[in-house]
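> got a sequence here, can you model it:
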Amino acid sequence: MADSRLLRIGTRNSPMALVQVERVRAMLAERHHEVTVDVLSMSTSGDRWHGDLAALGGKGAFTKEVDAALIAGDVDLVVHCVKDVPGDRPAPAGTVMAAYLARDDVRDCLVHPGGLRIDQLPPDTRIGTSAVRRVAQLALHWPSLVPVPIRGNANSRLAKLDAGDRYDALLLAYSGLERLGQAARITHPIDVDTMVPAVGSGTLVLQCREDDTSTRDLAASLGDPRAWRETVAERTMLHILQGNCHSPIAALARTEPDGRLGLRARVISVDGKTVLDAHEWAADPITLGTSVAAALLRQGARDLLDLSAHA
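Next up, the predicted model:
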């Protein structure tokens, strides 16, 4: 029998993050009976701040405290939504993304109290979302709808919608509502060819210290090779474009039946009037992400992203 082992997992203390850690705990219990899990949850600056995330440095506001605990040795492993991990800079020094878990539903979805689809909404319907990527694609496909900024976790956003004083509907991640047991609130899962998802949608990543080989091996045993290939392709593209929370960048990699990897990516102006698309295939995810980023840059993505950053 293997020696017993305590694994300390760090996470945000949001309801979503805690559900995600329980998923990892359950996978470990099924596959590694010798492992006992201790969870250290913590509040992050992104959870505490209710203003524009850019004032805190963007998406890193949801990960930096948890990453600091990992680097300090207070925890052995952290669980992040890939969407929350900054794409314009590498992982913190001394850490490594050890595994990506099997991908959940990548779609965006509409939540409407009356059960309407997004194409049934009347003009001037107020849509709660703060994602620049969603705002830009709303402007492209449904310019009569009005995006209204909203912050907070999914449960608090649903509560704001139910209050009815500022929002008529919400755009949220399908996978997030599913993880929270709120999938019944979804009234319209939006096709990925219309609303191209965010980089890393539906994917959880396990991060640990680079020199902690035992934890790296443990995390790797939970990883999904397909999720790894798809996520690496998307994040390679995002890193080359230096995308951040101001960047209207969307992407989705999908594994073809013949094993090739396809990556479709989109850069779009916030007003929806300029759309750059690239779609390529390759066997290697880094090669693919690099190629798609280059195709977008040739179309003028750098200028478009610079304009969006100052919009």
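
> distance check, the closest residue to A301 other than its chain neighbours against G73.
Counting by C-beta to C-beta, 6 or more residues apart in numbering, V267 is the residue found nearest to A301 once chain neighbours are left out, at 4.6 Å. (C-beta placed from N, C-alpha, C; glycine too.) According to C-beta to C-beta, to the nearest Å, V267 and G73 sit 40 Å apart.

> quick one: which of those two has more around it?
The neighbour count for V267 versus G73, taken as other C-beta atoms under 10 Å, is higher for V267 (28 against 10).

> what secondary structure does that one sit in?
Of the three states, V267 takes strand under DSSP: H, G, I helix; E, B strand; the rest coil.

> run through the strands of the stretch 1-150 of the chain in chain order.
Per DSSP state E, counting those that start in this stretch, the stretch 1-150 of the chain carries strands over the ranges 5-12, 35-42, 77-81, 95-100, 108-111, 126-128, 146-148.

> can you check the stretch 201-311 of the chain too?
Using DSSP E, counting those that start in this stretch, the strands of the stretch 201-311 of the chain run over residues 204-209, 249-255, 261-268, 275-282.

> run through the neighbouring helices and strands of the third one.
The elements that strand 261-268 packs onto, with contact taken as 3 or more C-beta pairs under 8 Å, 6 or more residues apart in numbering; DSSP states H and E, are helix 132-141, helix 225-241, strand 249-255, strand 275-282, helix 285-298, helix 301-309.

> could you do the last one as well?
Packed against strand 275-282, as judged by 3+ C-beta pairs under 8 Å, 6+ apart, are the following elements: strand 261-268, helix 285-298.

> I'd say L238 and I249 touch.
Yes - using C-beta atoms under 8 Å, L238 is in contact with I249, at 6.3 Å.

> ok, those two, which is more surrounded?
In this view L238 and I249 are compared by other C-beta under 10 Å, and I249 has more residues nearby, 30 against 23.

> mind pulling up the pLDDT for that one?
Predicted confidence (pLDDT) for I249: 96.

> identify the residues contacting the closest residue to it other than its chain neighbours.
Excluding the flanking residues, the one nearest I249 by C-beta to C-beta, 6+ apart is G243, at 4.4 Å. Residues near G243 by C-beta atoms under 8 Å, 6 or more residues apart in numbering: 87-88, 199, 249, 305.

> rewinding a little: in a markdown table: the strands of the stretch 201-311 of the chain, plus distance to P15.
Converted to a markdown table, the strands of the stretch 201-311 of the chain look like this (distance: least, C-beta to C-beta, whole Å):
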| stretch | distance to P15 |
| --- | --- |
| strand 204-209 | 15 |
| strand 249-255 | 26 |
| strand 261-268 | 31 |
| strand 275-282 | 35 |
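
> for the residue nearest to I249, give its distance to D105.
G243 is 22 Å from D105, by C-beta to C-beta.

> check W142 too.
In terms of C-beta to C-beta, W142 sits 21 Å off from D105.

> what does P113 give?
22 Å.

> P149 now?
Distance from P149 to D105, by C-beta to C-beta: 25 Å.

> so for these two, which sits in the more crowded spot?
Comparing P149 with D105 by other C-beta under 10 Å, the one with more neighbours is D105, at 20 against 12.

> setting the sequence-adjacent residues aside, check what's closest to the more buried one.
Sequence neighbours aside, Y174 is the residue nearest to D105 in space, at 4.4 Å (criterion: C-beta to C-beta, 6+ apart).

> circling back to that earlier point, I'd like the helices and strands packed on strand 261-268 laid out as TSV, including distance to L121.
Formatted as TSV, the helices and strands packed on strand 261-268 follow (distance: least, C-beta to C-beta, whole Å):
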stretch	distance to L121
helix 132-141	10
helix 225-241	29
strand 249-255	21
strand 275-282	22
helix 285-298	30
helix 301-309	25
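
> so which of the ones you listed gets nearest T63?
helix 225-241 (14.0 Å; C-beta to C-beta).

> contacting residues around that closest one?
With C-beta under 8 Å, 6+ apart, helix 225-241 has contacts from 82, 87-88, 90, 99-103, 199-200, 203, 205, 247, 249, 251-255, 261, 263, 265, 267, 285-286, 288-290, 292-294, 296-297, 301-302, 305.

> list the buried residues in that helix.
227-241 (16 or more other C-beta atoms under 10 Å).

> what's the angle from that helix to strand 249-255?
Angle, helix 225-241 to strand 249-255, by axes from the mean of the first three to the mean of the last three C-alpha atoms, to 10 degrees: 150 degrees.

> could you dump helix 225-241 to CSV, C-alpha only?
Provided in CSV are the C-alpha atoms of helix 225-241 (Å, rounded to 0.1, in the frame of the first residue of the first chain):
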residue,chain,number,x,y,z
PRO,A,225,-4.3,15.3,-23.2
ARG,A,226,-7.0,16.8,-25.5
ALA,A,227,-7.6,19.7,-23.1
TRP,A,228,-3.9,20.3,-22.9
ARG,A,229,-3.4,20.5,-26.7
GLU,A,230,-6.4,22.8,-27.2
THR,A,231,-5.6,25.1,-24.3
VAL,A,232,-2.0,25.4,-25.2
ALA,A,233,-2.9,26.4,-28.8
GLU,A,234,-5.3,29.0,-27.6
ARG,A,235,-3.0,30.5,-24.9
THR,A,236,0.0,30.5,-27.3
MET,A,237,-2.0,32.7,-29.7
LEU,A,238,-3.2,34.9,-26.8
HIS,A,239,0.4,35.3,-25.5
ILE,A,240,1.7,36.4,-28.8
LEU,A,241,-1.1,38.9,-29.2
